[in-house]
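Peer 1: just to be clear, the model below is a prediction. Sequence and coordinates:
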Amino acid sequence: MILCLETATPSCSVALIHNGEVLACEEDPKGQNHSEKITLFIDSVMRKSGVSYGQLDAVAVSMGPGSYTGLRIGVSTAKGLCYAAGKPLIAIDTLHAMAFGGKMKVESEKPILVPMIDARRMEVYAEIFDENINRIEDTKAIIIDENSFSEYKSERDVFLFGDGADKCAELFANDDKINVIKDFYCSAEYMNVLAQRKFDNKDFVDVAYFEPFYLKDFVPGIPTVKGLR
């Protein structure tokens with residue numbers, strides 16, 4: 001019995017899985033205010049499924065990359081649950097979990113799957129997977145242009161999805177080998193396979209010292225004061 005938390009992007013999502021099957025899910029695909037919603041979603045999922053916190057075997061959290069604030073909220077909430085219930089913590093690669101969700105929306109037999117998270121302007125965080133969700137390229141920040149993914153599209157159909165892909169739709173509108181799955185959002189439901197796999201392998205992270213995978217260092221904005229630089 002694993003409670004899964006997803007807050008790496010604007011989507012806030014909570015799912016409870018049992019032996020890899022989703023028992024209940026609560027989510028807001030395009031909301032913000034994760035700090036206000038996540039505990040309400042957790043409570044709702046637990047009540048719907050009739051499961052007590054003591055019955056949980058682990059808590060899984062989407063580890064990034066993604067929003068600095070969103071990741072901090074998800075990880076801190078997951079750690080609090082683990083401490084309170086005495087349960088282990090599982091960290092899930094956000095883009096890897098997205099790949100499982102993306103595959104369900106693709107009919108091609110041998111697609112190239114490219115989950116993307118918006119990193120502002122034309123930059124995205126992305127990983128590249130084959131049709132079996134085997135990683136072809138590791139997570140990296142890339143700037144998208146008309147030549148992106150040219151090494152793959154000569155032989156395979158390429159599918160882009162996630163909030164980073166939505167802004168690429170116009171760029172690839174005339175490319176019949178690159179397909180943009182619009183309005184795809186991160187869901188805690190997509191974490192089920194990886195969470196179960198890590199639980200079975202006892203692949204846990206240290207609750208005290210685990211930190212999200214930001215990919216880039218967080219740089220806070222510098223407020224300006226009139227008359228000063």
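Peer 2: Structure received. Residues are numbered from 1 along each chain as shown.
Peer 1: where does this structure have low pLDDT?
Peer 2: Within the chain, the segments meeting pLDDT under 70 span 216-229.
Peer 1: tell me the contacts of the most centrally placed residue in it?
Peer 2: Central residue of the chain (C-alpha atoms, centre = their mean): residue 94, 3.1 Å from the mean position. Neighbour list for residue 94: 6, 8, 9, 62, 63, 64, 65, 66, 117, 186 [criterion: C-beta atoms under 8 Å, 6 or more residues apart in numbering]. Yep, even glycine has a C-beta here, placed from its N, CA and C like the rest.
Peer 1: closest to residue 86 among these?
Peer 2: Distances from residue 86 to the contacts of residue 94, taken as C-beta to C-beta, are shortest for residue 63 (21.2 Å).
Peer 1: please report the distance of the closest one from residue 121.
Peer 2: 24 Å (C-beta to C-beta, to the nearest Å).
Peer 1: comparing these two, which shows the higher neighbour count?
Peer 2: Counted by other C-beta atoms under 10 Å, residue 63 and residue 121 do not tie: residue 63 has more neighbours, with 25 against 9.
Peer 1: what about the residue nearest to residue 9 when sequence neighbours are not counted, neighbour count?
Peer 2: Spatial nearest neighbour of residue 9, excluding adjacent residues (C-beta to C-beta, 6 or more residues apart in numbering): residue 186 at 4.9 Å. Burial of residue 186 is recorded as 29 neighbouring residues (other C-beta under 10 Å).
Peer 1: test my guess that residue 186 contacts residue 99.
Peer 2: No - Residue 186 is not in contact with residue 99 according to C-beta atoms under 8 Å; the separation is 11.3 Å.
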